[in-house]
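Enquirer: Sequence and predicted structure, then a few things I'm wondering about:
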Amino acid sequence: MKKYPKMKPSGVEWIGDVPEHWELKRVQYAFDYLKSLVNTKSLAGKEVYHYSIPNVQEFNDSILEEGDEIDSDKLLVEGGEVLISKLNPRKNTVILTKKKEKDSICSSEFIPLKPILYDEKHAFYLLSCSKVADFLNSAVESATRSHQRVKPDTLLKQVLPIPTFPEQTAIAAYLDRKTVQIDQAIAEKEGLIELFR
């Protein structure tokens, strides 16, 4: 892969240098932070897609659930948001929401960000990278390891690089291809392991 000819310092130690023509902006100016609260009463008698932390960690998606069985207030999502767990950020629980045929909600333990200056897929890859998880984990404010939380403002005030839109879509497409290749390689290895059992 070709290197960019001119670089500039990002001003953020864990990001380092970035291509000279990329912008640098705080998360709060590059995303909308969505806080549309949905109370449990309004969920009664409805089926909703629920992005809970366990659902995302186990299924990498939301799960259709009965609203009557949801026992705490949630946040409304429409599709195209990047959800980042503020609970135990070392686990790197991040997902890009999908448009569904019924209402979708997420746990209030997520920070829901709607990209403004980013391609949705690029935003997901950027915010789910290990360096972002490491940064958030370094800023947790809890004494117990099982319930460490990071404040949303910690992420919202963080500076991130913004490539041009064509670069963002190219980067996301490249990462999509590589992800498929890695998944296929893992599936093949797992298949071989099963043969020898």
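Expert: Here it is on my side, so go on.

Enquirer: for this protein, longest helix please?
Expert: Looking across the chain with DSSP state H, the single longest helix is helix 165-195.

Enquirer: Run the chain-centre distance for that one.
Expert: With CA atoms, centre = their mean, to the nearest Å as the basis, helix 165-195 stands 18 Å off its chain's centre.

Enquirer: what helices or strands is the worst-scoring helix or strand of the chain on mean pLDDT leaning on?
Expert: Using mean pLDDT, DSSP states H and E, helix 165-195 stands out as the lowest-scoring helix or strand of the chain, at a mean of 86. The contact analysis (3 or more CB pairs under 8 Å, 6 or more residues apart in numbering; DSSP states H and E) places helix 165-195 against helix 120-127. Using the backbone N, CA and C atoms, a C-beta is placed for each residue, glycine as well.

Enquirer: how about the least confident helix or strand of the chain: buried residues?
Expert: By neighbour count on 16 or more other CB atoms under 10 Å, the buried set for helix 165-195 is Glu167, Gln168, Ile171, Ala172, Leu175.

Enquirer: And stretch 33-50, by the same measure?
Expert: Leu34, Val38, Ser42, Leu43, Val48, Tyr49, His50.

Enquirer: who's in contact with the second one?
Expert: I take that to be Val38. By CB atoms under 8 Å, 6 or more residues apart in numbering, the contact list for Val38 reads Asp73, Lys74, Leu75, Leu76, Ile105.

Enquirer: same question, the fourth one
Expert: Each residue near Leu43 by CB under 8 Å, 6+ apart is listed here: Gly67, Asp68, Ile70, Lys74, Ile105.

Enquirer: Out of these, which comes closest to Glu81?
Expert: Ile105 (11.5 Å; CB to CB).

Enquirer: Near that closest one, how many residues? Count them for me, please.
Expert: Neighbour count for Ile105, taken as other CB atoms under 10 Å: 24.

Enquirer: Ignoring the adjacent residues along the chain, who's closest to it?
Expert: Once flanking residues are discounted, Ile105 sits nearest to Lys74: 3.9 Å by CB to CB, 6 or more residues apart in numbering.
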